[in-house]
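In: Sequence and predicted structure below; questions after.
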Amino acid sequence: MSLLAGAVRLWEGRWVARKARVEYAGAVDHVLDRGDRREPIFQDAADRRRFLETLGEVCQRTGWRVHAEVPMTNHCHFLMETPEANLIAGMRWFQTTWTMRFNARHHLSGHLFQGRYQSVVADAREGRYFAVLSDYIHLKPVRARIVTPEQRLL
């Protein structure tokens, strides 16, 4: 496999460059990470706790500030601020570490996540957009009918 193969993908018979990642100091990003084949990235409450502990570890390593997060069964959303330009390296560590921990606990091997995470820069200066994204993330379990609005407050 050539170096080029990792940077492009095939689309309708043509090689197309991947969309470049945007990262810069002080960025606020909405990050979505989905399980491979939309399979669960948690099996139980203990997995969710360990997942959040792993998120805490990456925040300590990188200085990230998580403003909103919701771990769903087969994906997760974060609204995070990166004081340094380290989203790519931090997400690489996070995905790899969580996959190894999950696989070790459940005697599995292979991929856990569906390729690269998705991220959209959310301009922190746009206060309304930040609030809408935060609401979207926090209310995701309610819209998915996983919990009631009252349960989400607990």
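Out: Arrived safely.

In: Counting by contacts, list what the longest helix belonging to the chain packs against.
Out: What stands out as the longest helix in the chain, according to DSSP state H, is helix 87-106. Where contact means 3 or more C-beta pairs under 8 Å, 6 or more residues apart in numbering; DSSP states H and E, helix 87-106 is packed against strand 27-34, helix 45-62. In this view, the C-beta of every residue, glycine as well, is placed from N, C-alpha and C.

In: partners of the helix or strand just after it, with directions?
Out: Following helix 87-106 in sequence order, the next helix or strand is strand 118-121 (DSSP states H and E). Paired with strand 118-121 in the same sheet, following DSSP bridges, are strand 27-34 (antiparallel).

In: Could you check the angle the strand it pairs with makes with helix 87-106?
Out: Put simply, strand 27-34 runs at 30 degrees to helix 87-106, going by axes from the mean of the first three to the mean of the last three C-alpha atoms, to 10 degrees.

In: Check whether V28 really touches H67, as I assumed.
Out: Yes - counting by C-beta atoms under 8 Å, V28 touches H67, with 7.5 Å between them.

In: Touching both of those two, which residues are there?
Out: Shared contacts of V28 and H67 (C-beta atoms under 8 Å, 6 or more residues apart in numbering): 79-81, 130.

In: Name the residue closest to the centre of this protein, please.
Out: Geometric centre of the chain, nearest residue: D33, 3.7 Å, by C-alpha atoms, centre = their mean.

In: Skip the chain neighbours and tell me the closest residue to that one.
Out: Y117 (4.4 Å; C-beta to C-beta, 6 or more residues apart in numbering).
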